[in-house]
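[1] build me a model:
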Amino acid sequence: MANNRAAKSGFAAEAQRKINSKYSEELAEECLDWIKVITGEDINTSGDMDNFYEILKDGTLLCKLANHIKPGQVKKINESKMAFKCMENINAFLEAAKQFGVPAQETFQTVDLWERQNLNSVVICLQSLGRKAHNYGMPSIGPKEAEKNVRNFTEEQLRAGQGVISLQYGSNKGATQSGINFGNTRHM
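    Alright, predicted model coming up:
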């Protein structure tokens, strides 16, 4: 475990195993490849949890990524390895990600990365940011985001649709409720 924490046991260990089981090495590797392309940093892009954590844990690479997407986005990147400085970096990246349009539910908590509590949520955040990168002229990863497709109907078309009885309402085709009995009958 990271940061001199005691190993989890019992329920906490089971919960941690469940969180870790959601982690995808393929998606993590895709994220690291993408970071390498954007930042030009020579990093190991293996998606295994240990490597992913070691590369990102101090937040410096994440801040550099944000500054490559939009120069000056993160004002100060702390190069110190002291815990609170690293967590400041991670927090600065998270603020940048939100400004780039990553929805709050797709970001992660600082401790998810720093204390290695939920690396899957870090992957989700990077994938989401990767989808937004094309808005800033950068290569993107993951599926292309859908664009708005507004439909405008005339009043006449809307009225015509109200008169149609859709098959979505279903049909009972002559079925009845006879013979249906809820609960057990009383045996004497």
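
[2] nearest spatial neighbour of residue 23, skipping sequence neighbours?
    Setting aside the residues directly before and after it, residue 23 is nearest to residue 120 in space (C-beta to C-beta, 6 or more residues apart in numbering), at 4.5 Å. The way it works is simple: take the backbone N, C-alpha and C, and place the C-beta from them, glycine included.

[3] tell me which helix or strand in the protein has the weakest average pLDDT.
    helix 155-162 (a mean of 79; mean pLDDT, DSSP states H and E).

[4] from the middle of its chain, how far away would that helix be?
    40 Å (C-alpha atoms, centre = their mean, to the nearest Å).

[5] the residue nearest to residue 23 touches residue 18, doesn't it?
    No - Residue 120 lies out of contact with residue 18 (C-beta atoms under 8 Å); the separation is 10.4 Å.

[6] higher neighbour count, these two?
    Counting neighbours by other C-beta atoms under 10 Å for residue 120 and for residue 18 shows that residue 120 has the greater number, 18 against 9.

[7] and the residue nearest to residue 23, backbone torsions?
    In terms of degrees, to the nearest 10, the main-chain angles of residue 120 are phi -60, psi -40.

[8] what's the answer for residue 70, then?
    Main-chain torsions, residue 70, degrees, to the nearest 10: phi -140, psi 100.

[9] picking up where we left off before, just the residues contacting the least confident helix or strand of the chain, thanks.
    Defining contact as C-beta atoms under 8 Å, 6 or more residues apart in numbering, one finds that helix 155-162 is touched by residue 153.

[10] one more: stretch 59-77?
    By C-beta under 8 Å, 6+ apart, the list of residues contacting stretch 59-77 from outside reads 35, 38-41, 43, 55-56, 78-79, 86-93, 96-97, 99-100, 113, 129, 133, 136, 138.

[11] return a ChimeraX selection command for the buried portion of those.
    Command for ChimeraX, covering only those of the contacts of stretch 59-77 found buried under the criterion 16 or more other C-beta atoms under 10 Å:
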select :35,38,39,55,56,78,86,87,88,89,90,92,93,96,97,100,113,129,133,138
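
[12] which ones among the contacts of stretch 59-77 map onto helices?
    If you go by DSSP state H, the contacts of stretch 59-77 have 35, 38-39, 55-56, 86-93, 96-97, 99, 113, 129 in helices.

[13] quick revisit: contacts only, for the residue nearest to residue 23.
    For residue 120, the contact set (C-beta under 8 Å, 6+ apart) comprises 19, 20, 22, 23, 24.
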